[in-house]
Structures are given as structure tokens and as C-alpha cells.
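Q: Have a look at this prediction, sequence included:
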Amino acid sequence: MKSNTASKIKTFTKNNQIGMALIISAVLFLATIILNPKSLNPVAFGSILSLTSMLLIAAAGQTLVIISDGIDMSVGATMSMTALITVAVMQGKDSIGLMFAAMAACLVVGAVIGLCNGIGAVRAGLPPMVVTLYISNIVTRLQYVFTGGTPEYTSVPDWFRKLITTRLFGFFPTIVFFAVAFLVVVFFLLSRTRYGQQLTLTGNNNRAAFLTGIKTTKVKMLNYTIAGMLGGLAGFIGAGNSGFIKCGTYDSMTMDSIVAVVIGGTLLSGGKGSYVGTAAGALLLIILSNGLAVLQVSDSMKNLIMGVVLIILLTAYNRAKPVRQ
């Protein structure tokens, strides 16, 4: 009986990354409350929801790219650039028209960055990590060119910030609705469209997908472009979420998005993954970080603990073999 139970637990742990991420998140959250009961309050809960939502939005494009057997090191730079563009276009004015103009500009800029990533990683056949990292460096330099080193417009209008950061019932941040919208759209793309099926097959085995008639180069190019647009939209929302924007505001989102995607069960080798898993990974990452902050762990120790824990989680979640093997 015990052997059967242990076998079921082992099977669940191995095959249900999303479930494990949620369970670990719950355990970490409860541990934080036990060690510091004051952390159980509406404000802290709202902060966790807000940070998780922002990371989930940032990781949308990363999820698509990694599933297709790629990686995008330019997510943070894209978000920072488009957040600056949002601030510059809106100019602190109360104008719905300027908001939509800023959104359109972010989508276009994100698409251009994604297209450049695709040209280098797909058309030129260069390593995705190297190409997107160089693109990231270029975009980062362009931020300083665009702002002259110091942003001329550093804040968005109050009404736009409130649209994204207002907390309903005193704790529920409205940015959650934007995250849910991303979740629905990306889930639909991956599970209900021909594009999503082709993307998964291409990531699983590029050669086999090509032989079945899938235009793998076109699929991957489109994927990088869509990922760039999602990154641009994330920067637009991030501008409202942060309120105050400077060069490099969202640079840290690159690594955080990769970790969230992989913790959620998406294979770095491609061909397997889901955006729902990314949501679970984002929640775990934020709760871990929040717990260490609540316990007043020093920054150096916090980085060490997070590094060790994340290495363990990434190793456990990414040991599964892709289908092509």
C-alpha cells in the first residue's frame, strides 16, 4: 500500500509540473505566514497578485519562443524601450487618443524587434541566445539615444496608472484583468489554432515538421514577431504599472520570464509547454521572492537562496525528455 502511494506521488511529481509549482507556492506562502504572521494582510496579498500578473504578462512572448525551441534574451529591453515610448507619446496628458497611439507604437516597435530576432535566429541560422542578446544590447543603447540619457517624460498620466494599478476591494489589483486577457489570448493561440499546433510540432522536431508540410521557417519568423509584439504590449502595460519609467526599468524581466516559463513545465529544448504553466511558475517565483523579503533576508543571502532553490526547481522540471527523443 505504501509502495503504491509512493509510486503515485512520484508519478505526480514527475508528470505534473503545474500542480507541483502550485503546491510549492502554497507551502512557501504558508511558511512565510507561520514565520511572520504580519505578512498575512490584504496589502501583501495584493502585491503578490500585482507582481505575478506583471511577470505573467512579460513572459507571454517568452513562452511562445521557448516552445518553438528558441529563447528571447531581449524581453526586458523590449519592455523598457516600449515603456519609455509610452511615456513619451502620452506626455502626461489625459488623452484616450494618445493612449491608443502609444499602444500602437509599442506594438510596432515590439514587432520590429521580434522580426530582427527572427531574421538572426531563423533566417541567418545563428544561435538564438546570442542573436537575441545582441539585439537586447542594441535596444538598450537605443533607449539612451531615444531619451538622451535622461527620459524627458518620466511618468504616465494618473488616470492611466490608476487604470492598471487600482485595487478593487482594497486589495485586488486591476492589472490582474490584463494578465487574464493575456492568458486567454495565448492559451487560445497555443491550443485552439493551427498556428499553435504547428508551433509545438516545430519545436518538438523541426525536420519532421518540415517533412509534414509545415513551413517551419515561416512559423518561427512569425513566432518571434508575435513574441516581440507581446513584449511591446507588456512594456505599454508596465509603463502604467510602474508609473515612473527610466532606461532599463524592466531589464530584469528577461531572466525572470525564462525562469517562470521553465518552472511551469515548458522544456528549454522546445516542443512541450503551456502558458498556464508559465502562470504557475510566475506565482512560485514571486511568492519565493516575497517570502524572503518579508523575512527581511539580506539581498546577498536572498540572491543565494533564490539561486539554489531555482536551480533545484529548474533541474527537476526540465529533466523530462522532449517527445522527439
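A: Happy to help now that I have it. Residues are numbered from 1 along each chain as shown.
Q: Based on its surroundings, how many neighbours for the residue nearest to Phe146 when sequence neighbours are not counted?
A: Distances taken as CB to CB, 6 or more residues apart in numbering put Leu84 closest to Phe146, at 6.2 Å, once the chain neighbours are dropped. Yep, even glycine has a C-beta here, placed from its N, CA and C like the rest. When neighbours are defined as other CB atoms under 10 Å, Leu84 has 28 of them.
Q: swap in Asn117?
A: 31.
Q: what about it, which helix or strand?
A: Secondary-structure assignment from DSSP states H and E places Asn117 in helix 96-118.
Q: helices or strands up against the helix or strand containing the residue nearest to Phe146?
A: In this assignment (DSSP H and E), Leu84 forms part of helix 75-90. Under the contact criterion of 3 or more CB pairs under 8 Å, 6 or more residues apart in numbering; DSSP states H and E, helix 75-90 touches helix 42-58, helix 96-118, helix 128-147, helix 216-242, helix 253-263.
Q: out of the ones you listed, nearest to Asn290?
A: helix 42-58 (5.7 Å; CB to CB).
Q: Identify each buried residue in the closest one, please.
A: 44-58 (16 or more other CB atoms under 10 Å).
Q: Contacts made by the helix or strand following it with the rest, please.
A: Counting by DSSP H and E, the element after helix 42-58 in chain order, helix or strand, is helix 60-67. Contacts to helix 60-67, defined as CB atoms under 8 Å, 6 or more residues apart in numbering, come from residues 71-72, 75, 114, 128, 182, 186, 189-190, 199-200, 203, 223-224, 226-231, 234, 257-258, 260-262, 266-268, 270-275, 278.
Q: how much does the helix or strand where Val186 lies deviate in direction from helix 60-67?
A: Secondary structure from DSSP H and E places Val186 in helix 175-192. Helix 175-192 and helix 60-67 are oriented at 30 degrees to each other (axes from the mean of the first three to the mean of the last three CA atoms, to 10 degrees).
Q: Report the inter-axis angle for helix 175-192 versus helix 42-58.
A: 40 degrees.
Q: could I get helix 175-192 in CSV with only the CA atoms?
A: The C-alpha trace of helix 175-192 is given here as CSV (Å, rounded to 0.1, in the frame of the first residue of the first chain):
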residue,chain,number,x,y,z
ILE,A,175,-3.7,44.6,-13.6
VAL,A,176,-4.9,41.0,-12.9
PHE,A,177,-7.6,41.6,-15.6
PHE,A,178,-4.9,42.4,-18.1
ALA,A,179,-3.0,39.3,-17.2
VAL,A,180,-6.2,37.2,-17.6
ALA,A,181,-6.7,38.7,-21.0
PHE,A,182,-3.1,37.7,-22.0
LEU,A,183,-3.8,34.2,-20.5
VAL,A,184,-6.9,33.7,-22.6
VAL,A,185,-5.3,35.0,-25.9
VAL,A,186,-2.1,33.0,-25.6
PHE,A,187,-4.0,29.9,-24.4
PHE,A,188,-6.2,30.2,-27.5
LEU,A,189,-3.2,30.7,-29.8
LEU,A,190,-1.5,27.6,-28.5
SER,A,191,-4.4,25.2,-28.1
ARG,A,192,-7.1,26.3,-30.5
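Q: Next, the angle from it to helix 216-242.
A: Going by the same axes, to 10 degrees, helix 175-192 makes 170 degrees with helix 216-242.
Q: Which positions in helix 175-192 come out as buried?
A: Neighbour-count burial for helix 175-192 [16+ other CB under 10 Å]: 175-176, 178-179, 182-183, 186, 189-190.
Q: so which of those residues comes closest to Thr315?
A: Closest to Thr315, out of all of the buried residues of helix 175-192 and judged by CB to CB, is Leu190, at 25.2 Å.
Q: confidence score at the residue lying closest to the closest one once chain neighbours are set aside?
A: Distances taken as CB to CB, 6+ apart put Gly196 closest to Leu190, at 4.0 Å, once the chain neighbours are dropped. For Gly196, the model assigns a pLDDT of 90.
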